[in-house]
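**Student:** would you be able to build a 3D model of this:
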Amino acid sequence: MQSETGQRGEDCATKYLESYGYKICERNFRTPFGELDIVCRKENVIIFVEVKTLKENANGFTPELHFTENKMQKMQRTIRAYLKDRRVIGTDYQLDLVAVELKGNSEVKDVRHYENITM
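**Tutor:** Predicted coordinates for the structure are as follows:
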């Protein structure tokens, strides 16, 4: 079950991406070994978006610090499952990260988008 903070962050990230011309295809694609928060397209590229959200004053942490190498490995496995499940062949894809910081419970303080990330 997703937290209220996580849901708010994903909603914010979805609106942010749509405002920059991304077409949202799917949210919360789940497999036994992972989840893809947002799957979208821009031009002819499929973008798999991980969303990390924190409330302000999270002991000096930023949402980006919660995107670990272990998380990226799980995402890559989940991306392969998505491509197989949806029978996607020969299409370019990338992994993006959207970091959302909230003030209090709902007001958005900042949104940062990192495109085509690798570790």
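**Student:** show me the contacts for the most centrally placed residue in the chain.
**Tutor:** Among the residues of the chain, the smallest C-alpha distance to the mean C-alpha position (Cα atoms, centre = their mean) belongs to E50, namely 2.0 Å. With contacts defined as Cβ atoms under 8 Å, 6 or more residues apart in numbering, E50 is in contact with L36, D37, F67, K71, M75, L95, D96, L97, V98. Just so you know, the C-beta spots here come from the backbone N, C-alpha and C atoms, and that holds for glycine as well.
**Student:** which of the residues you listed fall within strands?
**Tutor:** With strands identified by DSSP state E, the entries of the contacts of E50 that belong to them are L36, D37, L95, D96, L97, V98.
**Student:** can you tell me which of the residues you listed is closest to S106?
**Tutor:** Relative to S106, the closest of these is V98; by Cβ to Cβ it sits at 17.0 Å.
**Student:** give me the local confidence score for the closest one.
**Tutor:** Confidence per residue is given as pLDDT, and for V98 that number is 98.
**Student:** then the one 4 residues further on?
**Tutor:** Taken from the predicted model, the pLDDT recorded for L102 is 90.
**Student:** do N59 as well
**Tutor:** In this model, N59 is scored at 73, pLDDT.
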